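Chemist: Fold the stuff below for me.
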Amino acid sequence: MVLRELGADAVPVRRESELDGVAGLVIPGGESSVMDKLSRTFGLAEPLKARIAAGMPVYGTCAGLIMLADTVLDAVPGQQSLGGLDIAVRRNAFGNQLDSFETDLEIPELGEEPVHAVFIRAPVVERVGPKAHALSSLADGRVVAVEQGNLLGTSFHPEMTDEYRFHARFLDRVRGAA
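Modeler: Numbers count the residues shown, from 1 in each chain. You can find the predicted model right below:
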């Protein structure tokens, strides 16, 4: 919905044949272990890894960030990620659904106005490798937004507050890669 509001022709991708028709991909929130299982079951995991390695722009929010992380510190047994982001993440780092919260974040790359962020059972980036760049951290130093080349990831859900600057940044990358 956000991408369409920004003028993109957004389509769902559930199978490899659908992946061939897109120039970029948003991996949304949800349950990362289920996303992993389904991506492997439907034959999407390896093609996605190849497209990510080839430079396809991808934006991962919450569980999508986990899917893009090179390392998932507390993965469930057998859980894999697609990788691409030189980071280590911890799933559900802020607790359960009852521990959800909102806060404003300073993100200079997106302008002077703070980003109002909604965290729901969110992951946190515990290590940012030399290839990745932290875009924002909480007041206590925990990293919650990162980028690396054409990959962008947030622990929070900007679409829940009508915050579209991350999606616009992603679409800029898609246009630049086309």
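
Chemist: how deep is residue 118 tucked in, by neighbour count?
Modeler: By the criterion of other C-beta atoms under 10 Å, residue 118 has 17 neighbours. The way it works is simple: take the backbone N, C-alpha and C, and place the C-beta from them, glycine included.

Chemist: Tell me if I am right that it is in a strand.
Modeler: Yes: under DSSP: H, G, I helix; E, B strand; the rest coil, residue 118 sits within a strand.

Chemist: Check the gap between the residue nearest in space to the middle of the chain and residue 98 for me.
Modeler: The centroid of the chain falls nearest to residue 60 when counting by C-alpha atoms, centre = their mean (1.5 Å). Using C-beta to C-beta, to the nearest Å, residue 60 is found at 24 Å from residue 98.

Chemist: Equivalent analysis for residue 33, please.
Modeler: Going from residue 33 to residue 98 by C-beta to C-beta gives 21 Å.

Chemist: Between these two, point out the one with more neighbours.
Modeler: Legend: neighbour count by other C-beta under 10 Å for residue 33 and residue 98, higher for residue 33 (18 against 6).

Chemist: That one and residue 23: what is the separation?
Modeler: Distance, residue 33 to residue 23, using C-beta to C-beta: 28 Å.

Chemist: for residue 162, same thing?
Modeler: Residue 162 is 25 Å from residue 23, where distance means C-beta to C-beta.

Chemist: more crowded one of those two?
Modeler: It is residue 23, of residue 162 and residue 23, that has more neighbours when counted by other C-beta under 10 Å, with 15 against 9.

Chemist: so how far is the biggest helix by length in the chain from its chain's centroid?
Modeler: Secondary structure of the chain per DSSP state H: the longest helix is helix 165-177. Computed by C-alpha atoms, centre = their mean, to the nearest Å, the chain-centroid distance of helix 165-177 equals 13 Å.

Chemist: neighbours around the residue nearest to residue 96 when sequence neighbours are not counted, how many?
Modeler: Spatial nearest neighbour of residue 96, excluding adjacent residues (C-beta to C-beta, 6 or more residues apart in numbering): residue 121 at 6.3 Å. Applying the criterion other C-beta under 10 Å, we find 18 residues in the vicinity of residue 121.

Chemist: Kindly report the same for residue 125.
Modeler: Neighbour count of residue 125, defined by other C-beta under 10 Å: 24.

Chemist: repeat for residue 50
Modeler: 11.

Chemist: Does it belong to a helix, a strand or coil?
Modeler: Strictly by three-state DSSP, residue 50 counts as helix.

Chemist: Tell me where this protein has helices.
Modeler: 2-5, 16-19, 32-41, 45-53, 63-68, 165-177.

Chemist: Nothing else from me, thank you.
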